[in-house]
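Participant: Sequence below, structure please.
(one chain, ligands or ions: 2)
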Amino acid sequence: MTAPFERIAILGIGLIGSSLARAIKAEGLARSVVCADANPEHARRAESLGIVDAGVTDPAEAAAGADLVMLCTPLGAYAAVAEAIGPALKPGAIVSDVGSVKQAAIDAIAPHLPAGVHLVPGHPVAGTEKSGPDAGFAALFPGRWCILTPVPGTDEAVTRRVADLWRGCGMKVERMSADHHDRVLAITSHLPHLIAYTIVGTATDLEDHLRQEVIKYSASGFRDFTRIAGSDPTMWRDVFLNNREAVLDCLQRFNEDLTALQRAIRRGEGDVLFDLFTRTRDIRRGVLEAKQA
Ligand SMILES: NC(=O)c1ccc[n+]([C@@H]2O[C@H](COP(=O)([O-])OP(=O)(O)OC[C@H]3O[C@@H](n4cnc5c(N)ncnc54)[C@H](O)[C@@H]3O)[C@@H](O)[C@H]2O)c1
Ligand SMILES: O=C(O)C(=O)C[C@]1(C(=O)O)C=C[C@@H](O)C=C1
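Facilitator: Ligands and ions are numbered 1, 2, ... in the order given. I've put the predicted structure just below:
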């Protein structure tokens, strides 16, 4: 069977890039997979793991001759990487990405692409708190959603090729506008991370003897927050800087709801607490039923 892609270049071979490389190899989705990573140890490690055919540090070298180039670096590196690969891209090449914010990704990449190169932004909504090429695994993707946010006018056949790649990795694929994506992910992913960073930060700032006990008696609630708060600082700094408006909107709503809960606790309004906790338990059941937990 012929592979859907001749040469895929993955730029940034960390958790997501290396998971994708593994899935491409496992499913035979490209004849060759190469990567570039600013960290030479990551490029070498990907080679020695056998998940890429070649690993280099120069993104233009990896992108040259590729029919699909997938940006898998933190969002803050996108503009520089896109600028570096622009002149090396072959006519008809597809550039895509996995970034957690979509409008900023388009703004950073699009200006650097030559005419005749297609941009199909994407976001596999699957991940862990870990980073680097050893953290990746092909089983990250099956059953999860991948959101594509092609700009209007994008060649339909090109978008379908990118959708098929993610389906080949086992993902379900949905399309939406970049703006809508960023507003949805602000509440489902970005705000939860911000809350986790805050609660773990607050616990860390407690007086020293209390802090020891926080770690010693970590109940499962706090433990779950520490997992999320252990996520990569570079990646998450870039997410918040690149989705400011939507995150700040959600945060405003969250603060108002928190204030209402604070008042209910102070006033002893048990029914307010009970009603909310009942509704949220239903949401959790819905997530489990949708097999997204
Ligand atoms: N971690 C998640 O759960 C998750 C899920 C979906 C999407 N994403 C998105 O995927 C992207 C990568 O995240 P990750 O979790 O794989 O991070 P990661 O830290 O595991 O990997 C990023 C890789 O990019 C490399 N890199 C950094 N700057 C570079 C540059 N200028 N040129 C080339 N390589 C560079 C790093 O050395 C590293 O190997 C981010 O844009 C993130 O928003 C992450
Ligand atoms: O499960 C986790 O550890 C994640 O944080 C994964 C998660 C998420 O929030 O769901 C994080 C960022 C991504 O852009 C997509 C997925």
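
Participant: Next, the contact list for Ala46, please.
Facilitator: With contact set as CB atoms under 8 Å, 6 or more residues apart in numbering, Ala46 has these partners: 13, 18, 21, 35, 37, 52, 55, 133. For glycine as for every other residue, the C-beta is placed from the backbone atoms N, C-alpha and C.

Participant: Dump the helix or strand that it is a member of to PDB, restricted to CA.
Facilitator: According to DSSP states H and E, Ala46 maps onto helix 40-49. C-alpha atoms of helix 40-49 as PDB (Å, rounded to 0.1, in the frame of the first residue of the first chain):
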ATOM      1  CA  PRO A  40      20.300  18.700  19.500                       C
ATOM      2  CA  GLU A  41      19.900  16.000  22.200                       C
ATOM      3  CA  HIS A  42      16.200  15.700  21.300                       C
ATOM      4  CA  ALA A  43      16.900  15.400  17.600                       C
ATOM      5  CA  ARG A  44      19.500  12.700  18.300                       C
ATOM      6  CA  ARG A  45      17.300  10.900  20.800                       C
ATOM      7  CA  ALA A  46      14.400  10.800  18.200                       C
ATOM      8  CA  GLU A  47      16.900   9.200  15.800                       C
ATOM      9  CA  SER A  48      18.100   6.600  18.300                       C
ATOM     10  CA  LEU A  49      14.600   5.700  19.300                       C
END
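
Participant: For the stretch 101-250 of the chain, which segments are assigned as strands?
Facilitator: 118-120, 122-124, 145-148, 172-175 (DSSP state E, counting those that start in this stretch).

Participant: Now render the ones you listed as a markdown table, adding mean pLDDT, mean neighbour count and distance to Leu185.
Facilitator: Listed next are these as a markdown table, based on pLDDT from 0 to 100; neighbours: other CB atoms under 10 Å; distance: least, CB to CB, whole Å:
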| stretch | mean pLDDT | mean neighbour count | distance to Leu185 |
| --- | --- | --- | --- |
| strand 118-120 | 98 | 21 | 18 |
| strand 122-124 | 98 | 24 | 7 |
| strand 145-148 | 98 | 20 | 8 |
| strand 172-175 | 98 | 15 | 12 |
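
Participant: Relative to ligand 2, which of those strands is closest?
Facilitator: Of all the strands of the stretch 101-250 of the chain, strand 122-124 sits nearest to ligand 2, with 6.2 Å by CB to the nearest ligand atom.

Participant: any residue of that closest one up close to ligand 1?
Facilitator: Yes. Using CB under 6 Å from any ligand atom, strand 122-124 comes into contact with ligand 1 via Pro124.

Participant: Run through the neighbouring helices and strands of that strand.
Facilitator: strand 145-148, helix 156-168 (3 or more CB pairs under 8 Å, 6 or more residues apart in numbering; DSSP states H and E).

Participant: Run through who's touching the shortest one.
Facilitator: The one in question is strand 145-148. If you take CB under 8 Å, 6+ apart as the criterion, strand 145-148 is touched by 102, 120-126, 159, 162-163, 166, 171-176, 181, 292.

Participant: Intersect those residues with the contacts of ligand 2.
Facilitator: 125-126.

Participant: Where does the residue nearest the centre of the chain sit: helix, strand or coil?
Facilitator: Centroid-nearest residue in the chain: Ser100, 4.0 Å away (criterion: CA atoms, centre = their mean). What DSSP: H, G, I helix; E, B strand; the rest coil gives for Ser100 is coil.

Participant: what about it, distance to ligand 2?
Facilitator: Separation of Ser100 from ligand 2 (CB to the nearest ligand atom, to the nearest Å) stands at 3 Å.

Participant: Return the residues in contact with that residue.
Facilitator: Ser100 sits next to 75, 123, 185, 189-190, 235, 239, 243 when contact means CB under 8 Å, 6+ apart.

Participant: could I get those residues as a markdown table with distance to Pro91?
Facilitator: Below are the contacts of Ser100 laid out as a markdown table (distance: CB to CB, whole Å):
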| residue | distance to Pro91 |
| --- | --- |
| Leu75 | 27 |
| His123 | 26 |
| Leu185 | 33 |
| Ser189 | 36 |
| His190 | 36 |
| Met235 | 32 |
| Val239 | 33 |
| Asn243 | 33 |
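
Participant: and the stretch 151-293 of the chain, which of its residues are near ligand 1?
Facilitator: 232, 235, 239.
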